[in-house]
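# pasting the sequence and the predicted model now:
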Amino acid sequence: MAEVTPSGAGEVPRPSAPAPDGMLRIRGGVGGLSFQFEELLAGAAALDAVVRRLYAVEGDADGIRRSLFQYQTDSYHSGSEAIIAVGEAGRDVGRVRAELEHIAAQVRASHREYEFTEARNALLLRMGLSGPEYGSGPAPFELPGVRDQVEHGVAEAPRGLALLLGLTFPLAGTVGVLSGPTDVRRAVRDLAAAPGLEFLKPRPVRVVGSETFAADVDVSPAGLLRRAEAVGRTSGDIEVIRVDGGSARAWVVIIPGTQLGGLPEGTNPFDTAGIAEALGYDSEATNAAIRQALREAGAEAGEQLAVVGYSQGGIHAMNLSRDKAFLAEFDLRFVLTAGSPVGGISPEPGIGSLHLEHRHDWVPGADGLANADTKDRATVTLTNDLALPPLQDFRLGPGHRLENYAAGAEAVSVSRDPSLQASTAALAAVVGAGGASTVTRFSLRREALAPQGVPTAPGPDRKKPVPLGMAV
């Protein structure tokens, strides 16, 4: 009897990272390694159930074969053929069962190898034995991008401090391993506790003004990012857009990047102290102001929304995705960020996110952590070459310019990559096709810092001095 499914006839499915799409280097999403393994492991579990049933079929076939022995003498020729046929059928079932067991085992072995490699790379990085290398760029022998260099530098911070304190290389590597990933949140809080840096601690942020107008809004990823650039031209402003083009009324919140026009102890919530609030304190004050702005714009509890943030604004946006009070009131469905260090922020399940980074932008690597590779979270690294701007326009570098990210978002919208198609579809499901919308610009202000030396509460009553000669 011919073998129905020859052993080794098919290859074991092995996940592969998404291929580059032009200038787009893609990680995560439905085409990412993590979700591929998730699907394959679910398939392996289903194969286990099939294997158990095939074991039972094998046993039944062998029982039937044995029961035929007592009738073999009644018609030796036909009886023998029946016994042989049942035996071969049982062996065919056994071969299929063994092949399925092999496939399930290989899938699990491949997943263990992937997890081991990820853990090993993280360990070697903290020991200082790994880092961005030549050839990591899009062209052979090209220098690694500044984004990867900064991320690795921050990740190696504990080891670097140990070397600075005079420890030997092996001991410094051990310190790097034992300290774990760099805790940027704790570092910011420790910095804010230092004398003279109290202005880095959060202060209440409130809505102090608003302006509402009608506008045709481009709700594509590129269009929304360009709105963030326009909003950022006015200090402390955010934008809340009511869109009616989807299946139901929804909202979009636009949060700008860092605004460098004033002192960090000032009242603009998006100054450099806003970075400390975002990275160190989960944007607790800014998030409260955004909730207030949504209510004043007319958003009702349970309505869907998407949040778009550039640079610092992207950190605030991602912090909303794990803010339980915010999520209890509004149905946040999607977050779009550009040039934002958000690797240490994990959104609540079911919230999709798309992150744009540039290999020559150091800002997204400033937290020392890569974004997680999950089904609902896709990261796109832009690899196109950039022209150096004049020194007076250099600011945070050419890779951090918002227009570069808007151009990258346009490439994302036309990409055929499954992860990017799923991300853009998830955003479109919330915001619809755009067009005529109601836009409200809100002006936010942080509470002013109390002047040094001015008491904020009455002190204790002073005792009257005791006249000389009356002391006991």
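Structure's in. What do you need?

# just the strands in the stretch 351-472 of the chain please.
Counting by DSSP state E, counting those that start in this stretch, the stretch 351-472 of the chain has strands at residues 352-358, 377-382, 435-446.

# what residues go with each domain of this structure?
The chain resolves into domains spanning 32-127, 198-384+397-446 when parsed by the TED database.

# as JSON lines, the strands of the stretch 351-472 of the chain with distance to residue 426, mean neighbour count and mean pLDDT would be great.
From N, CA and C alone the C-beta is placed, and that goes for glycine too. Formatted as JSON lines, the strands of the stretch 351-472 of the chain follow (distance: least, C-beta to C-beta, whole Å; neighbours: other C-beta atoms under 10 Å; pLDDT from 0 to 100):
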{"stretch": "strand 352-358", "distance to residue 426": "4", "mean neighbour count": "27", "mean pLDDT": "97"}
{"stretch": "strand 377-382", "distance to residue 426": "10", "mean neighbour count": "27", "mean pLDDT": "97"}
{"stretch": "strand 435-446", "distance to residue 426": "19", "mean neighbour count": "19", "mean pLDDT": "95"}
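
# before we move on, back to that, redo the domains of the chain as a markdown table? Include distance to residue 18.
Below are the domains of the chain laid out as a markdown table (distance: least, C-beta to C-beta, whole Å):
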| stretch | distance to residue 18 |
| --- | --- |
| domain 32-127 | 7 |
| domain 198-384+397-446 | 6 |
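
# of the ones you listed, which shows the lowest average pLDDT?
Sorting the domains of the chain by mean pLDDT places domain 32-127 lowest, at a mean of 80.

# so which residues of this structure form helices?
Along the chain, the stretches classed as helices by DSSP state H are 33-67, 76-127, 146-155, 157-164, 169-179, 184-192, 221-231, 272-280, 284-297, 312-320, 324-329, 402-414, 418-431.

# between the domains of the chain, which gets nearest to residue 22?
Residue 22 lies closest, by C-beta to C-beta, to one member of those: domain 198-384+397-446, at 6.4 Å.

# thinking again about what came up before, tell me which of the domains of the chain lies nearest to residue 23.
Closest among those, using C-beta to C-beta: domain 198-384+397-446, at 4.2 Å.

# how far off centre is that closest one?
Mean-position distance between domain 198-384+397-446 and its chain equals 13 Å (C-alpha atoms, centre = their mean, to the nearest Å).

# start to end distance for it?
14 Å (C-alpha to C-alpha, to the nearest Å).

# one step back: need the winner for burial among the helices of the chain.
helix 312-320 (a mean of 29; mean count of other C-beta atoms under 10 Å).

# nearest to residue 146, of the domains of the chain?
Closest to residue 146 of the domains of the chain is domain 198-384+397-446 (C-beta to C-beta; 4.7 Å).

# one step back: reformat the strands of the stretch 351-472 of the chain as JSON lines; add distance to residue 115.
Formatted as JSON lines, the strands of the stretch 351-472 of the chain follow (distance: least, C-beta to C-beta, whole Å):
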{"stretch": "strand 352-358", "distance to residue 115": "23"}
{"stretch": "strand 377-382", "distance to residue 115": "18"}
{"stretch": "strand 435-446", "distance to residue 115": "43"}
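
# out of these, which comes closest to residue 398?
Proximity of the strands of the stretch 351-472 of the chain to residue 398 was assessed by C-beta to C-beta; the nearest stretch is strand 352-358, lying at 8.6 Å.

# ok, the closest one: who's next to it in the sheet?
strand 331-338 (parallel), strand 377-382 (parallel) (DSSP bridges).

# and those as a markdown table, adding distance to residue 273?
Output for those, formatted as a markdown table (distance: least, C-beta to C-beta, whole Å):
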| stretch | distance to residue 273 |
| --- | --- |
| strand 331-338 | 20 |
| strand 377-382 | 27 |
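
# and the ones you listed: which comes nearest residue 90?
strand 377-382 (47.6 Å).

# buried ones in stretch 328-348?
Within stretch 328-348, the residues that count as buried by 16 or more other C-beta atoms under 10 Å are 329-330, 332-345, 347.

# so the spatially most central residue of the chain versus residue 58, what's the distance?
Nearest to the mean C-alpha position of the chain, by C-alpha atoms, centre = their mean, lies residue 371 at 4.2 Å. Computed as C-beta to C-beta, to the nearest Å, the residue 371 to residue 58 distance reads 47 Å.

# run through the bridge partners of residue 335.
residue 307, residue 353.

# that one contacts residue 317, correct?
Yes: Residue 335 lies in contact with residue 317 (C-beta atoms under 8 Å); the separation is 5.0 Å.

# who touches the nearest residue to residue 357 once chain neighbours are set aside in this structure?
Nearest non-adjacent residue to residue 357, counting by C-beta to C-beta, 6 or more residues apart in numbering: residue 364, 4.1 Å away. Counting by C-beta atoms under 8 Å, 6 or more residues apart in numbering, residue 364 touches 147, 151, 339-342, 355, 357-358.

# ok, residue 363 next?
Contact analysis of residue 363 by C-beta under 8 Å, 6+ apart lists 147, 311, 339-341, 396, 400.
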